[in-house]
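Asks: give me a 3D structure for the following:
(one chain, ligands or ions: 1)
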Amino acid sequence: MKKILFVGSEFYPYIKTGGLGDAIASLLRAVQVSGKQATILLPGYRAITENIVHVHEVHEVLIPFSVVIRARLKKVTLKRQNAPLWVLDSAPFFHQPGGIYDETDNTEGHLNTLRFAMLAWAASELACGTITNWKADIVHCHDWHAALVPVFIRKKYSGLPGGGLLDDKRPKSLLTIHNLAFQGHCYRQYLGILGLEAFNVNDAQLNNPMTSFLALGIAHADRISTVSPTYAKEILSEEYGCGLQHKLASCGVRGILNGVDYNVWHPQTDPALDNVGYSFDADTRSSIKLGLQRDLGLKPHADIPLLSFTNRLTHQKMADVLIEAIPRLMEKGVQITAMGEGQDEYVEQFIRAAGSHKGQFSYVEKFSEVMEHRIHAGADICLSPSRFEPCGLNPLYAMRYGSIPVVRATGGLCDTVVDANLQSIRSGDANGITFKNANLNGLLSAIDGALTLFSNKPEWMKLQKNAMNASFLWQKAAIDYCEIYDELTKKTDEKLVIAACNTQDQADAGTLAVLQDEALKPQPELPAFAPLLNAVGAD
Ligand code: GLC
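Replies: As a prediction, this is how the structure comes out:
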């Protein structure tokens, strides 16, 4: 049976900063259920290691960067998980205080470079069967955190006697991009530290100081995918390609739509709600709404439209446009409940809005999973405007609870949200409201459209019913991923050649333009490697 190793940085319910954690955990389960032998390697964050209930194997590893780093690769079972998985345990690197991607100072940024390189090295060795007798046929890498795995695998095989001839024996790699905007930029000198200088993909003659884990992963992975068909097309354009569009176009990107774990997002059995085991009808919804309004300090009234915004407060999520819209929305008499951390300037404005519109605007900065369930179950409208959105799971969760998403038609939202009008509501197709322009007018007119429908109870209830019946299944995604795994492991006559490294033809104009911009920025001194290790207290 083919063996698949997932590698990623987030895994619901243990460690999650957004949809990535949900997507990795649900997809892994769906792939396992489909009959494949799949497991995952995770960084040994505190939230992971403190949930270990059984350790099956421990392997000391010496990671051969310019300074050797000692860590432990453990096969473990976590609380509430049946299947064992792998953890790269190194407290000095993974038990840092603060958020898991905290880059508030340069050292943190550099620390991230190092720890995700460690994770990728360990994954490549595990996959190649050098650490245990377990060996993977496919490594499924998620986002930039795992993007160096294909590079370390290529390096390992190109260094073997016989080189390219053995290439078809190596584990094959699939890199799934969950968000192209996060690429894991690092200074090129780091490639020397990691032993990967021969694998850089940028034109050295440009004297460019930066490279990115994702650019390297894209150049060296066997297949690239992303999380929706529309985003797969969009990222080939200059507008959405973040400088990697040419590289992506030459590799080809497959878009596979994410799904929803309907065991977790299940209004009748949701432990976050009081109606567990009962029906989830209009009356239940109203009582959940009233309870929510009371708990959030909003005026309790079932007829006042309650709009939610449970996204990170970022430019991507159009938090700035929502801030601009607040005074106009307050005049319309609606209520808003917002939850989520984000950029400081937006957080401040949300706090200010909650202060000046007491009873009408509530804001909880700290994200809570339970509260997210209650908000989707009680709010009428789920605001999920985005300048770009690879997939967007939040609106799909809201739909299941009858909260109608208002989204910008971009990325995965084009593949999931069908705009409502009287005809599309009646035909059963509509499940939300979409708008095109990423500005105040675009957002306000979509909200106006939603409010008009809200005041027409029979139509609104039909729209809610459509949304609640919409189904986005991980099993469907798993079939498509399994097709890629099978393709990759199929023996072909095609001659597989080790990727040529560091050649000019691998540089592409778009990537270079972005990197050139970076090059013009003042460059901080790269800290020496040893002091960095001392700083994190590595052994
Ligand atoms: C990222 C994307 C989001 C996607 C999620 C899971 O968080 O920004 O659009 O739904 O990953 O793939």
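
Asks: pretty sure residue 86 sits against residue 40.
Replies: Yes - at 6.9 Å, residue 86 counts as touching residue 40 under the criterion of C-beta atoms under 8 Å. Using the backbone N, CA and C atoms, a C-beta is placed for each residue, glycine as well.

Asks: can you get me a residue count around the closest residue to the ligand within the stretch 301-450 of the chain?
Replies: As assessed by C-beta to the nearest ligand atom, the ligand sits closest to residue 391 within the stretch 301-450 of the chain, at 3.3 Å. Residues lying near residue 391 (other C-beta atoms under 10 Å) number 28.

Asks: from here on, count from 57
Replies: I'll keep to 57 as the first residue from here, and by that count the last item is residue 447.

Asks: find the nearest non-adjacent residue to it, please.
Replies: Ranked by C-beta to C-beta, 6 or more residues apart in numbering and with sequence neighbours excluded, the top spatial neighbour of residue 447 is residue 468, at 3.5 Å.

Asks: pull the number of nearby residues for the one you found.
Replies: 30.

Asks: residue contacts, it?
Replies: Contacts for residue 468 (C-beta atoms under 8 Å, 6 or more residues apart in numbering) come out as 283-284, 286-287, 313-314, 445-448.

Asks: next, the residue nearest to residue 252 when sequence neighbours are not counted: secondary structure please.
Replies: Distances taken as C-beta to C-beta, 6+ apart place residue 207 nearest to residue 252, at 5.9 Å, with adjacent residues excluded. Look at residue 207: counting by DSSP: H, G, I helix; E, B strand; the rest coil, its state is helix.

Asks: who's in contact with residue 344?
Replies: Here residue 344 is in contact with 329-331, 430, 433-434 (criterion: C-beta under 8 Å, 6+ apart).

Asks: tell me the SS of it?
Replies: On the three-state scheme (three-state DSSP), residue 344 is labelled helix.

Asks: rewinding a little: residue 142 and residue 96: which has the busier surroundings?
Replies: Counted by other C-beta under 10 Å, residue 142 and residue 96 do not tie: residue 142 has more neighbours, with 26 against 22.

Asks: output the contacting helices and strands for the helix or strand hosting the more buried one.
Replies: Element membership of residue 142 [criterion: DSSP states H and E] is strand 141-145. Counting contacts by 3 or more C-beta pairs under 8 Å, 6 or more residues apart in numbering; DSSP states H and E, strand 141-145 is packed against strand 93-99, helix 102-105, strand 124-134, helix 162-184.

Asks: ok, the nearest residue to residue 276 once chain neighbours are set aside to the ligand distance?
Replies: Once flanking residues are discounted, residue 276 sits nearest to residue 206: 4.2 Å by C-beta to C-beta, 6+ apart. To the ligand, residue 206 is 19 Å away according to C-beta to the nearest ligand atom, to the nearest Å.

Asks: give me the number of residues near residue 206?
Replies: When counting by other C-beta under 10 Å, one arrives at 30 neighbours for residue 206.

Asks: which ones are touching it?
Replies: By C-beta under 8 Å, 6+ apart, the neighbours of residue 206 are 195, 197, 229, 231, 273, 276-278.

Asks: one more: residue 230?
Replies: 194-197, 277-281, 537, 540-541, 544.

Asks: that one belongs to a strand?
Replies: Yes - under three-state DSSP, residue 230 sits within a strand.

Asks: partners of it in the sheet?
Replies: Going by DSSP bridges, residue 230 is paired in beta bridges with residue 196, residue 279.

Asks: how far does stretch 347-359 sit from its chain's centre?
Replies: Averaging C-alpha positions (C-alpha atoms, centre = their mean, to the nearest Å) puts stretch 347-359 32 Å from its chain's average.

Asks: on that earlier part again, residues contacting the residue of the stretch 357-506 of the chain closest to the ligand?
Replies: Residue 447 makes contact with 75, 79, 234, 283-284, 287, 313-314, 467-468, 472 under the criterion C-beta under 8 Å, 6+ apart.

Asks: how much space between it and residue 201?
Replies: Separation of residue 447 from residue 201 (C-beta to C-beta, to the nearest Å): 17 Å.

Asks: and residue 113, by the same measure?
Replies: According to C-beta to C-beta, residue 113 and residue 201 sit 23 Å apart.

Asks: who has more neighbours out of these two?
Replies: Just comparing residue 113 and residue 201: by other C-beta under 10 Å the higher neighbour count belongs to residue 201, 28 against 13.

Asks: list the contacts of the more buried one.
Replies: By C-beta under 8 Å, 6+ apart, residue 201 lies in contact with 63-65, 99, 172, 175, 240, 269.

Asks: which residues of the chain lie near the ligand?
Replies: Contact residues, the chain versus the ligand (C-beta under 6 Å from any ligand atom): 74-76, 79, 234-235, 283, 314, 445-449, 468.

Asks: apply 8 Å and report the result again.
Replies: The chain has residues 74-76, 78-79, 199, 232, 234-235, 237, 283-284, 287, 314, 372, 442, 445-449, 467-468 near the ligand, with proximity defined as C-beta under 8 Å from any ligand atom.

Asks: can you flag the buried ones in those residues?
Replies: Using 16 or more other C-beta atoms under 10 Å as the burial test, these include 74-76, 78-79, 199, 232, 234-235, 283-284, 287, 314, 372, 442, 445-449, 467-468 as buried.

Asks: extract the C-alpha set from stretch 113-133 and format it as PDB.
Replies: Extracted C-alpha coordinates of stretch 113-133, given in PDB (Å, rounded to 0.1, in the frame of the first residue of the first chain):
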ATOM      1  CA  GLU A 113       9.500   5.400  19.100                       C
ATOM      2  CA  VAL A 114      12.200   8.000  19.700                       C
ATOM      3  CA  HIS A 115      15.000   8.700  17.300                       C
ATOM      4  CA  GLU A 116      17.800  11.100  18.100                       C
ATOM      5  CA  VAL A 117      18.600  13.100  15.000                       C
ATOM      6  CA  LEU A 118      21.600  15.300  14.200                       C
ATOM      7  CA  ILE A 119      20.500  17.900  11.700                       C
ATOM      8  CA  PRO A 120      23.600  18.700   9.600                       C
ATOM      9  CA  PHE A 121      23.300  22.500   9.000                       C
ATOM     10  CA  SER A 122      26.400  24.600   9.300                       C
ATOM     11  CA  VAL A 123      26.200  23.900  13.000                       C
ATOM     12  CA  VAL A 124      24.700  20.500  13.800                       C
ATOM     13  CA  ILE A 125      21.400  20.700  15.600                       C
ATOM     14  CA  ARG A 126      20.300  17.900  17.900                       C
ATOM     15  CA  ALA A 127      16.600  17.000  18.000                       C
ATOM     16  CA  ARG A 128      14.300  14.000  18.500                       C
ATOM     17  CA  LEU A 129      11.900  12.500  16.000                       C
ATOM     18  CA  LYS A 130       9.100  10.800  17.900                       C
ATOM     19  CA  LYS A 131       6.300   8.600  16.800                       C
ATOM     20  CA  VAL A 132       3.500   9.400  19.200                       C
ATOM     21  CA  THR A 133      -0.200   9.200  19.800                       C
END
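
Asks: appreciated, that's everything.
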